[in-house]
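1. Take a look and give me a structure for this.
(one chain, ligands or ions: 2)
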Amino acid sequence: MSEVKKIAVIGGDGTGPEVAAEGVKVFQAVAEIEKIKYELAEFDWGGDRYLQTGEVLPADGLDQLRTFDAILLGAVGHPDVAPGILERKLLLDVRFGLDQYINLRPVKLFPGVETPLKNKGPADIDFIVVRENTEDLYCGAGGFMHKGTAHEVATQTAIYTRRGCERCIRYAFELTRKRANPKGKRLTLVAKTNVLTIGHDLWWRTFKEVSEEYPDVEHDYNHVDACCMWIVKNPEYYDVIVTTNMFGDIITDLSGIIQGGMGVAAGGNINPEPGGTSMFEPMGGSAPKYTGTGKINPIATINAVSMLLDQIGETAAADRVMQAIMTVTGTKMKSQNAGQMGYTTSEVGDLVVEAL
Ligand code: IPM
Ligand code: MN
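-> Residues are numbered from 1 along each chain as shown. Ligands and ions are numbered 1, 2, ... in the order given. As a prediction, the model looks like this:
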């Protein structure tokens, strides 16, 4: 990691640039306190640029991003662009191209934040989902035959590799060990071995083999459907979950809602290898109807900034931001929902800065 931390900021679409601006505000303030040297570069990649130029990222976009220590992404999704285009180019191509093979989603209920789960509080909702991020149904493998006819055939193939699942499972074991949950270190594999008897058999065997290197970590297995029930019924059971890309996508939205929703939940697309460039984002979408209204909640993006700081080795700054978020959710904000926070987007950013 270089002495001067180079951070790329892609505001993206809709409310993305507004929340990214609050993330940057908090980043700059904590960098000042913790004496972090940094350079920020902003990129206007997203739907508007695509509509003007026909291009989402420039041809050398990925090479440009590779030169940064980390990326902060606001949001992807533009009402005038057909679904799939921006997601593929801005999100999936970056994940795949920069080999961000981990999608990390901490699920933590902050103080003062409302959860839809009855009788559950911050002590019950505190786990992490490690989602594989470069394989499975996301590879885009498949095709059509006889398209548009009554005989149309469509295939979309889930691809799993030994290397792909092993590196993800290993990351998850390491994380579980490092997290050292006082309730006990437990890694749960979530898959569907009773139906996906080929692809998830590979995951299962790999999980069993790697688990032998981590005798201090309890290893455990849930089918994905059962996991969805338990996340709602007994979220306190979970410490770290490791799962495949598609199932991870689904269970992390379920998990996001129990931690207070899209105004709070953040994720990281992580390339953990030395020199790897990781990208951090709030989980909420671009919420176009709120663009420019000052109603959107920047806490998720600020949460993403804390994760970014942690990944680039600035753990003291990461903790400071996390503590400040919890002070603001616990003692200031009325709600985490857009338009009901009791403050505007930029006022929430200011409150976090004050609390640093
Ligand atoms: C996410 C999103 C993306 C995904 C979409 C926008 C491609 O839902 O980050 O979870 O499915 O991975
Ligand atoms: Mn998703």
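
2. Quick check: Tyr50 vs ligand 1, distance?
-> Distance, Tyr50 to ligand 1, by CB to the nearest ligand atom, to the nearest Å: 15 Å. (C-beta placed from N, C-alpha, C; glycine too.)

3. err, His146, not the other one
-> 28 Å.

4. For that residue, give me its contacts.
-> Glu152, Val153 (CB atoms under 8 Å, 6 or more residues apart in numbering).

5. SS state for whichever residue of the chain sits closest to ligand 1?
-> Relative to ligand 1, the nearest point of the chain is Glu87 (3.9 Å; CB to the nearest ligand atom). The three-state label given to Glu87 by DSSP: H, G, I helix; E, B strand; the rest coil is helix.

6. Leaving out chain neighbours, which residue sits closest to it?
-> Val76 (5.9 Å; CB to CB, 6 or more residues apart in numbering).

7. same thing with Pro17?
-> In this structure, Pro17 finds its nearest non-sequential neighbour in Gly11, 3.1 Å apart by CB to CB, 6+ apart.

8. thought the one you found was touching Gly46?
-> Yes. Between Gly11 and Gly46 a contact is recorded at 7.1 Å, counting by CB atoms under 8 Å.

9. So for these two, which sits in the more crowded spot?
-> Gly46 (28 against 24; other CB atoms under 10 Å).

10. Need the three-state assignment for Ala82.
-> Of the three states, Ala82 takes coil under three-state DSSP.

11. and the gap between it and Ser286?
-> Relative to Ser286, Ala82 is positioned 15 Å away (CB to CB, to the nearest Å).

12. Which strand residues bridge the residue nearest to the spatial centre of the chain?
-> The chain has Gly267 as the residue nearest its centroid, 1.7 Å off, counting by CA atoms, centre = their mean. Beta-bridge pairing for Gly267 (DSSP bridges): Glu281.

13. Thought Met279 was touching it, still the case?
-> No. With contact defined as CB under 8 Å, Gly267 does not reach Met279; the gap is 9.3 Å.

14. At which residues are the helices of this structure located?
-> For the chain, the helices defined by DSSP state H occupy 16-34, 47-53, 61-66, 85-86, 93-97, 162-179, 199-211, 224-233, 245-258, 299-311, 315-331, 345-355.
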